[in-house]
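**Q** What shape does this take:
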Amino acid sequence: PVATILLCAGLLPGALAGQALEASRSIAADLDHDGELEVITGGRIGPFLSGGGQGGAIQIGDLHGGRVEIIARVTGITVIRDLAIGNHVAHGDFRVFSVGDGWLRAHRYESGSLLEVAALQLASHWTDRIAVLNRKTTSLVVVTEYVIRPDADVGETVVRAFEARAESLQEIWYLTISAHIGDLAFVGKGDRSHLILETGTAEEGGDILVFEISGGSQPILTWSGRMTQGSRCLSIEAT
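**A** Numbering: from 1, shown residues only. The predicted structure follows:
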């Protein structure tokens, strides 16, 4: 597919009217099918606690007169590192997927509340990125699990894919990449799409890996190349 890949760096400050939230990512979707977009933000409330704590939160807000009014919130999650929206095309059933601290979670927005419908513990606690590919009756959810190898200068990332149905998450394939994955995104729709991975080292630069995704089969690497020299961008968007 023809696509534009946007690479960027930096922090995303997410503050919604109500409770201050240090956001990992903000997205928008018409969750209640009223023709107006809601803003969904995930991140941390309050200071970082080195000993852990339940500081993670997901907030949903409506935009009114230049302000965002909070209409739903879920707290009590240890860490939110990234989030994405899944939409089962056949019946417009949205899910808010989040990842962080070794957990993949799915929430459904209903009557002003965010209800957890599925949760799965992953193999690594270093789980920073998530991307979702929408299909007719399911969503393909892909997350990163990063592990630092004790005998090497760099770690490896397992890119793990799950089929998400109404209230379940089932693993269908995984990729092992001998490097850190900064971000990932899907290009295309349906059963024939591409998964874009950003990787590399800070000293050398950033690379892009492109995998073809077909149905539930193992992805096939179709292209790789250097995108930035001497630094990483760590964030990509495909449009």
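
**Q** In the chain, which residue is most central in space?
**A** Computing the C-alpha centroid of the chain and ranking residues by CA atoms, centre = their mean puts I130 first, at 2.5 Å.

**Q** I figured that residue hits A84, correct?
**A** Yes: at 5.0 Å, I130 and A84 qualify as touching, with contact defined as CB atoms under 8 Å. Quick note: C-beta positions are derived from backbone N, CA and C, even for glycine.

**Q** Show me what S224 bridges to in the sheet.
**A** Legend: beta-bridge partners of S224 under DSSP bridges are L209.

**Q** Run a quick neighbour tally on it.
**A** S224: 12 surrounding residues under other CB atoms under 10 Å.

**Q** isn't it right up against G200?
**A** No: applying CB under 8 Å as the test, S224 and G200 come out as separate, 10.7 Å apart.

**Q** Identify the contacts common to those two.
**A** Contact criterion CB atoms under 8 Å, 6 or more residues apart in numbering; residues shared by S224 and G200: D207.

**Q** Which positions in the helix or strand hosting S98 come out as buried?
**A** Counting by DSSP states H and E, the element that carries S98 is strand 93-100. For strand 93-100, the neighbour count (16 or more other CB atoms under 10 Å) marks F94, R95, V96, F97, S98, V99, G100 as buried.

**Q** Closest one to G182 out of those residues, please.
**A** Closest to G182 out of these is V99 (14.5 Å), distances taken as CB to CB.

**Q** correct me, but the closest one touches D82?
**A** Yes: V99 is within contact range of D82, at 5.4 Å (criterion: CB under 8 Å).

**Q** so where's the protein shaky on pLDDT?
**A** Filtered on pLDDT under 70, the chain yields the residue ranges 1-24, 45-54, 88-92, 151-154, 190-191, 202, 239.

**Q** between the buried residues of strand 93-100, which is nearest S193?
**A** F97 (16.9 Å).

**Q** Quick check, the closest one in contact with A131.
**A** No: F97 is beyond contact range of A131, at 9.2 Å (criterion: CB under 8 Å).

**Q** intersection of neighbour lists for these two?
**A** A84, V141.

**Q** Quick check: phi and psi on K136?
**A** phi -60, psi -50 (degrees, to the nearest 10).

**Q** For it, grab the count of nearby residues.
**A** Counted by other CB under 10 Å, the residues lying close to K136 total 10.

**Q** Around the residue lying closest to L115 once chain neighbours are set aside, count how many other residues there are.
**A** Spatial nearest neighbour of L115, excluding adjacent residues (CB to CB, 6 or more residues apart in numbering): R108 at 5.1 Å. Using other CB under 10 Å, the number of residues around R108 comes to 17.

**Q** quick revisit: which residues sit in contact with the residue nearest to the centre of the chain?
**A** Shown in contact with I130 (CB under 8 Å, 6+ apart): D82, L83, A84, F97, S98, V99, L104, V141, V142, V143, T144.

**Q** Let's see that with 10 Å instead.
**A** 25, 42, 81-84, 97-100, 104, 141-144, 183-184 (CB atoms under 10 Å, 6 or more residues apart in numbering).

**Q** How about L122?
**A** 99-104, 143-145, 158, 160, 162, 171.

**Q** I220 too?
**A** H194, V210, F211, E212, I213, S214.

**Q** cool, L221 as well?
**A** L221 neighbours (CB under 10 Å, 6+ apart): L175, L195, L197, L209, V210, F211, E212.

**Q** Of those, just say which sits nearest to V117.
**A** Among the contacts of L221, and counting by CB to CB, the member closest to V117 is L195, at 24.5 Å.

**Q** Enumerate the positions of the helix or strand that contains the closest one that are buried.
**A** Assigned by DSSP H and E, L195 falls within strand 192-201. Neighbour-count burial for strand 192-201 flags S193, H194, L195, I196, L197, E198, T199, G200 (criterion: 16+ other CB under 10 Å).
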